[in-house]
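>>> Task: produce atomic coordinates for the following.
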Amino acid sequence: MNTIKPHYLSLCTLKLLLNFNETELAIGTGFIYSHKEKLYLITNWHNVTGRNPSTHKRLTEKHGGFPNKILFKLRSRKNGADFYSSEMDLYVDEEHTIPNWLIHPIHKEKADVVAIEISFEEADDVLIQSLNQFVDFQYNLKANIADDVFVIGYPRGLDSEFILPIWKRGSIASEPDVNIDELPKILIDTITREGMSGSPVIFRQHSPIKTVGVLGSIYGFQGIYSGRIGDIDSIQLGYVWKKEVIEEIIDGATKASNEFQRWS
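Here you go, the predicted model:
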């Protein structure tokens, strides 16, 4: 039997089922990020609320609900083909009035990224791969305009065997040092689909350095994908929140409110 050796970044993403109790409302993507000896689940604000952060409108007219839990699977440390099912409550209380996610201290929900502190009772048994633990990212490279990027997630819930994600290729379409809409985000040129929201976005540059990645190439972490501009037939540009937003959210420790539940 052939041994399967996935790319190390393929083991970082989580396929998220966003539920209200037992009812599945949506599918998204997330990843684990380590900071100051704690672990956090990183995904989009719109994933955990079911609302568009810019317009405050519901993302779907099929239902009027909002998620109250996230379901995902973690790989076994002993055998990557085996999984543990995990469930995370999105609210501290049963009345769903106290969200447990952190938002940006300045931009609030306008920065479409949240961090949720996470721990695992089965930590000794599961493979926990935090995205920022890898050697490549310690070089702290800066992306350039037109660099290749990869959005690593689950378009329309699609995955490959062993819940491995799909890599959607694109390129950096706006100057990485310049903000879009006066917010810490950039544009990438790629065709993406629902289900990829919350995906890590990785850029690739060619380098003579031999790394844990492909010889002759080195990877950098650019940020978090959060959706495209317009519909499928539009200009095919997507938003990526800069990676710095993650630690700004964690260090800012600004707790979310449930105000979005009352928006019309």
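>>> mind listing what residue 74 touches?
14, 83, 84, 86, 120, 122, 126, 127, 128 (Cβ atoms under 8 Å, 6 or more residues apart in numbering). No exception for glycine: its C-beta is placed from N, CA and C like everyone else's.
>>> actually residue 50, not the one I typed
Each residue near residue 50 by Cβ under 8 Å, 6+ apart is listed here: 18, 25, 26, 58, 59, 60, 65, 66, 67.
>>> Just among the residues you listed, which is most surrounded?
Each of the contacts of residue 50 was scored for neighbours by other Cβ atoms under 10 Å, and residue 67 scores highest at 24 neighbours.
>>> Look up phi and psi at it.
Backbone torsions for residue 67, taken as degrees, to the nearest 10, come to phi -70, psi 140.
>>> was I right about it contacting residue 26?
Yes. Taking contacts as Cβ atoms under 8 Å, residue 67 lies within contact range of residue 26: 7.2 Å.
>>> okay, and the common contacts of these two?
What both residue 67 and residue 26 touch, as defined by Cβ under 8 Å, 6+ apart, is the set 18, 47, 50.
>>> Nearest to residue 199, out of the contacts of residue 74: which one, please.
Among the contacts of residue 74, residue 14 lies closest to residue 199 (Cβ to Cβ), at 10.2 Å.
>>> burial of the closest one, as a residue count?
24.
>>> Taking the contacts of residue 74, tell me the two that lie furthest apart.
14 and 122 (15.0 Å).
>>> got any ranges where the stretch 1-150 of the chain has weak pLDDT?
1-2, 63-64, 80, 122-123, 135 (pLDDT under 70).
>>> Mind doing that once more with 90?
1-8, 11, 59-65, 74-85, 119-129, 132-142 (pLDDT under 90).
>>> So which residues of the chain form strands?
Along the chain, the segments classed as strands by DSSP state E run 13-20, 23-35, 38-43, 69-75, 83-89, 102-103, 114-118, 148-153, 166-172, 185-189, 200-206, 217-228, 237-242, 254-255.
>>> from what I can see residue 125 touches residue 82, true?
No. Residue 125 is beyond contact range of residue 82, at 9.6 Å (criterion: Cβ under 8 Å).
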